[in-house]
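# Sequence first, then the predicted structure, then my questions.
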Amino acid sequence: MDRPVRALLLLLACTLVNTPALAQRPVLHDPTVPPAAFLNPLETPPDVQGDLRLEAIRRGQGGATVAVINGELHRVGGDVAGRRILRIGEREVVLRGAAGRETLRMSPEVGKVKAGQ
């Protein structure tokens with residue numbers, strides 16, 4: 001046989017012999033990747049208020065008020081999870097849904113801070 005053909009057959013044989021050993025290597029995970037709960041915080045179990053969590057209330061310079069509910073901005077009159085937002089107060093949001101009125105409240109440790117402080 002020619003020398004190049006013999007070398008090619010030897011290379012092919014070595015590849016076929018080593019393939020099962022390569023397939024059984026353990027998969028190494030990147031230790032710098034955060035746990036899935038940090039990557040998808042909205043997929044974590046809901047808090048005691050149910051499926052909605054009031055995270056922040058913000059008043060703009062023009063008087064427009066928005067509420068951050070489950071990580072999304074909402075205004076009065078908007079819908080969130082099939083409920084209509086009736087009122088946004090300083091520490092709570094009042095909703096109306098099929099089950100009636102519902103009030104979402106800020107956590108007790110959340111305080112009001114003026115902008116720029």
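That came in fine, so what should we check first?

# neighbours of L54, just the number please.
Using other Cβ atoms under 10 Å, L54 has 23 neighbouring residues. No exception for glycine: its C-beta is placed from N, CA and C like everyone else's.

# correct me, but it touches M106?
Yes - counting by Cβ atoms under 8 Å, M106 is a contact partner of L54 at 5.8 Å.

# any common contacting residues for the two?
E92 (Cβ atoms under 8 Å, 6 or more residues apart in numbering).

# does H29 count as helix, strand or coil?
coil (DSSP: H, G, I helix; E, B strand; the rest coil).

# low pLDDT regions in this protein?
1, 16-26, 35-50, 108-113, 115-117 (pLDDT under 70).

# Show me where it has its strands.
54-59, 65-69, 72-74, 79-80, 83-88, 92-97, 100-105 (DSSP state E).

# Tabulate those in a markdown table, adding columns for distance to A13.
Converted to a markdown table, the strands of the chain look like this (distance: least, Cβ to Cβ, whole Å):
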| stretch | distance to A13 |
| --- | --- |
| strand 54-59 | 62 |
| strand 65-69 | 63 |
| strand 72-74 | 60 |
| strand 79-80 | 65 |
| strand 83-88 | 68 |
| strand 92-97 | 70 |
| strand 100-105 | 69 |
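
# which of those strands is buried the deepest?
strand 65-69 (a mean of 19; mean count of other Cβ atoms under 10 Å).

# and it, what does it pack onto?
The contact analysis (3 or more Cβ pairs under 8 Å, 6 or more residues apart in numbering; DSSP states H and E) places strand 65-69 against strand 54-59, strand 72-74, strand 83-88.

# With distance to L12 as new columns, can the ones you listed be given to me in CSV?
Below are those laid out as CSV (distance: least, Cβ to Cβ, whole Å):
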stretch, distance to L12
strand 54-59, 60
strand 72-74, 57
strand 83-88, 66
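
# Specify the stretch among these that is closest to R3.
In terms of Cβ to Cβ, the element of the helices and strands packed on strand 65-69 nearest to R3 is strand 72-74, at 69.0 Å.

# Parallel or antiparallel, list what pairs with the closest one.
Take DSSP bridges as the rule and strand 72-74 pairs in its sheet with strand 65-69 (antiparallel).
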